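Asker: Predicted model and sequence follow; I will ask about them next.
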There are 2 protein chains.
Amino acid sequence: MHKNKVKVGVVAPASRLEAATAERVSMLAATAFADRAELVFHPQCFLSSGHFAGKDEERAAAFLEFANDDSFSAVWFARGGYGAGRIAEKVLAGLSGAAKNKIYFGYSDGAFLLAGLYRKGYRATHGPIPHDIRRERGEEAVMRALSFLVDRSAATLEPTIDGKHPTAAFNLTILSHLIGTQFLPDLSGHVVMLEEVSEHLYAIDRAMFHITEIEAIRRLAGIRLGRCSDVPLNDPEFGHTPEQIVQHWCERSGIAYLGRADIGHDADNKVVPFGLLRDFV
Amino acid sequence: MHKNKVKVGVVAPASRLEAATAERVSMLAATAFADRAELVFHPQCFLSSGHFAGKDEERAAAFLEFANDDSFSAVWFARGGYGAGRIAEKVLAGLSGAAKNKIYFGYSDGAFLLAGLYRKGYRATHGPIPHDIRRERGEEAVMRALSFLVDRSAATLEPTIDGKHPTAAFNLTILSHLIGTQFLPDLSGHVVMLEEVSEHLYAIDRAMFHITEIEAIRRLAGIRLGRCSDVPLNDPEFGHTPEQIVQHWCERSGIAYLGRADIGHDADNKVVPFGLLRDFV
C-alpha cells in the first residue's frame, strides 16, 4: 500500500521532544530518503505537563489519532523517559481497524505500549527513537530506525535474529513492571533480549529475581543480554557483572542463557521485531 | 513460654552489619531490659560476600538455624539493603515446627522474606532493625522494635492499626517486585501501608501503576502512604507529590486511599504486624 512513500507518524507517549531535535530528525530523513519517506511529528510531541509530553489524555489522543489513521504506515515513539504505561489501557481500548496496518516502533519505557500492542496482535518493534539523535553517532541510530521503517533493511536487525524463533526486547526494569499486568504478552518460545540503563547492579539482580520467578517467563526459548549502561557505583562492590547476574538467574530458573544481544541505550541499539520477522515483510 | 526472658536472634538476610553496630544495640537492650531480653547476633551478620552478608547459602543457613531453634522467640533482621529475596525460597523450604513459634521482624528489602513467611502462616512484622541505631534518634527506633519483641508494647504500633483490619507494610518497590511471585501473600481485605526511599517520583508512579494493575491488589481494604524519603530530584519537575501519585492510582484502580501511615526509612518508623494484632499477643 505504501510502496512508494512511507509515512511515519511520531508521537510522544512519555517524555516531550525538543523541537530542535525533531528538526534534525526531519532533515536527516529528507536527506537520506528524499520523497520515499514522510515524517510527521504530532504537535503533542512538544507539549509539556510536568514529567510528561502533555497530560495522559493528550498523549493518548495523539497516539490514537495517528494509530487510527490509515495514511500512516508506522507510529514512531519520539522518546522514552516515563509515561507510556499510564496511557496504555486507554490506547489499547481505542484502536480501530486502521491501527492493524502499521508498525509501532520504540523502546525503553515505550515497551509498556509495545508489550500491550503485541499482546493484542499489533506489530511492535524495538529500535532507536528520534531523541536518540542527540547521542554521539546518534544519526546512525536514527538512520537505522528509518531504514527499517522505510525499507525493512535486514542490516538494521539485531544480528542473532534467525527468523525461526520469535523475539522480543525489553528494558529489564520495564519487563519487571509488566509482570502480572494486562499488558504482558505471551512470550512462550520467544528469545527475549534485555537491556538496562542507570540501574544499580543490586537492582538488576532484583529485577532478574523477579522476572525469573514467573512461570510465564520460564517458558521463554531463552534470554539474551544487551548492554547495561551508566550503572551507578555499587557500595560495597556487588561482586558480579551484569552477565554473571543474568546467567545466575537463568540457571536458577531453568531458562536458557543464549549470550549477548546487540541492544541498549546507545547509538548501536539494533532493531528487534516482536514476534517473527516474516510478519514484518 | 518465654514469659520471663525473650531471646531474640539476629540474622542478616541481606547486607552485613558492622560489629560496632551490634555492640551498640546489645548495650541498649541490656540497659533497657536487663535480663528480660537476650540478644544473640549470629556470626553470619558480620560476614561479607560482595553486596551481601555472606553467600546465599550462609545467609539462608543462619536464618534457618535461628528460625528452627525453639529457644528463640524472635528472628530479627539485622539490616535491609538487598538480598532477602535471593534466599527466600530456600528459607521457606527449610522451616521446621519450631519456626512457627516466633516472630520475624524487619522491613524494607526484608519484606521479600516477611511476605513469604506471612503467606506460609508465620508471624511477620514490619518494624525497625538493628542497623537503624545509626540514624539520628536511632536508639528510639531500636527501642521501639525491642519493646514490641519483649513486651508487645502497644505504643510501638503504627497508630491507625485498629485491630479489626488485617495489616501489612511494604516498601513500594519491594511490593512491585513481589507481584506474580510465590512469595506474595493474599492481601485481600488488608490495609497495606507503603513507604519508599531513594526512588525518583517517576519510579514511585511506575511502581504504583504496576501494583494497582493487579487484581489481587485491587482486593485490598485500602492503601495508606508512609513516608517517601531521600527522593532524588526529578528533571523535569514531576508535577505531583508522592501522596498525589498514590491517590491517583488508587482512584484509577478503585482501591480506597485511607491517608498517611507512620512508617518509613527513618527513626519514627512504627511497628506493623502482618495480619491481625490478636495473633501477636
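Answerer: Yep, that arrived.
Asker: rest of the way, CA atoms for contacts and neighbours
Answerer: Will do.
Asker: What segments of chain A are helices?
Answerer: A:19-33, A:56-67, A:84-94, A:111-119, A:138-151, A:172-178, A:201-212, A:215-218, A:242-253 (DSSP state H).
Asker: out of these, nearest to residue A:159?
Answerer: Closest to residue A:159 of the helices of chain A is helix A:138-151 (C-alpha to C-alpha; 13.2 Å).
Asker: now for that closest one, which elements pack on it?
Answerer: Here helix A:138-151 touches strand A:6-11, helix A:19-33, going by 3 or more C-alpha pairs under 8 Å, 6 or more residues apart in numbering or on different chains; DSSP states H and E.
Asker: export the helices of chain A to a markdown table and tack on mean pLDDT?
Answerer: Shown next, in a markdown table, are those (pLDDT from 0 to 100):
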| stretch | mean pLDDT |
| --- | --- |
| helix A:19-33 | 97 |
| helix A:56-67 | 98 |
| helix A:84-94 | 98 |
| helix A:111-119 | 98 |
| helix A:138-151 | 98 |
| helix A:172-178 | 98 |
| helix A:201-212 | 98 |
| helix A:215-218 | 97 |
| helix A:242-253 | 98 |
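Asker: so of those helices, which one's packed in deepest?
Answerer: helix A:111-119 (a mean of 26; mean count of other C-alpha atoms under 10 Å in any protein chain shown).
Asker: what does the stretch 1-150 of chain A have sitting close to chain B?
Answerer: Counting by C-alpha under 8 Å from any C-alpha of the partner chain, the stretch 1-150 of chain A comes close to chain B at A:49, A:50, A:51, A:82, A:85, A:86.
Asker: now the helices and strands packed on helix A:138-151 as a markdown table including distance to residue B:258?
Answerer: A markdown table is the format used below for these (distance: least, C-alpha to C-alpha, whole Å):
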| stretch | distance to residue B:258 |
| --- | --- |
| strand A:6-11 | 37 |
| helix A:19-33 | 42 |
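Asker: still on that earlier bit, out of the helices of chain A, flag the one nearest residue B:131.
Answerer: Among those, helix A:201-212 sits nearest to residue B:131 (C-alpha to C-alpha), with 19.1 Å.
Asker: what's the angle from the closest one to helix B:84-94?
Answerer: Relative orientation of helix A:201-212 versus helix B:84-94 (axes from the mean of the first three to the mean of the last three C-alpha atoms, to 10 degrees): 50 degrees.
Asker: Could you check how far residue A:175 is from chain B?
Answerer: 11 Å (C-alpha to the nearest C-alpha, to the nearest Å).
Asker: Mind putting the helices of chain A into JSON lines with distance to residue A:263?
Answerer: Putting the helices of chain A into JSON lines (distance: least, C-alpha to C-alpha, whole Å) gives the following:
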{"stretch": "helix A:19-33", "distance to residue A:263": "21"}
{"stretch": "helix A:56-67", "distance to residue A:263": "25"}
{"stretch": "helix A:84-94", "distance to residue A:263": "20"}
{"stretch": "helix A:111-119", "distance to residue A:263": "14"}
{"stretch": "helix A:138-151", "distance to residue A:263": "11"}
{"stretch": "helix A:172-178", "distance to residue A:263": "12"}
{"stretch": "helix A:201-212", "distance to residue A:263": "16"}
{"stretch": "helix A:215-218", "distance to residue A:263": "20"}
{"stretch": "helix A:242-253", "distance to residue A:263": "14"}
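Asker: so which of the ones you listed comes closest to residue A:10?
Answerer: helix A:56-67 (8.2 Å).
Asker: Now do the same contact list for residue A:281.
Answerer: Residues near residue A:281 by C-alpha atoms under 8 Å, 6 or more residues apart in numbering or on different chains: residue A:152.
Asker: just to revisit the earlier point, please identify which of the residues of the stretch 1-150 of chain A next to chain B is nearest to residue A:177.
Answerer: Distance to residue A:177 across the residues of the stretch 1-150 of chain A next to chain B (C-alpha to C-alpha) is lowest for residue A:85, with 9.5 Å.
Asker: per the record, what domains does chain A have?
Answerer: Domain assignment for chain A by automatic domain parsing gives A:6-154, A:167-260.
Asker: so residue A:60 touches residue A:90, yeah?
Answerer: Yes - counting by C-alpha atoms under 8 Å, residue A:60 touches residue A:90, with 6.6 Å between them.
Asker: which residue packs closest to residue A:233, ignoring adjacent ones?
Answerer: Nearest in space to residue A:233, with sequence neighbours left out and distances taken as C-alpha to C-alpha, 6 or more residues apart in numbering or on different chains, is residue A:200 at 6.9 Å.
Asker: Give me the most central residue, chain A.
Answerer: Central residue of chain A (C-alpha atoms, centre = their mean): residue A:107, 2.0 Å from the mean position.
Asker: Could you report the neighbour count for the residue lying closest to that one once chain neighbours are set aside?
Answerer: Leaving aside its chain neighbours, residue A:107 sits nearest to residue A:126 (5.0 Å; criterion: C-alpha to C-alpha, 6+ apart). Residue neighbour count, defined by other C-alpha atoms under 10 Å in any protein chain shown, stands at 26 for residue A:126.
Asker: next one: residue A:46
Answerer: 19.
Asker: Quick check, it in contact with residue A:58.
Answerer: No - with contact defined as C-alpha under 8 Å, residue A:46 does not count as touching residue A:58 (11.2 Å).
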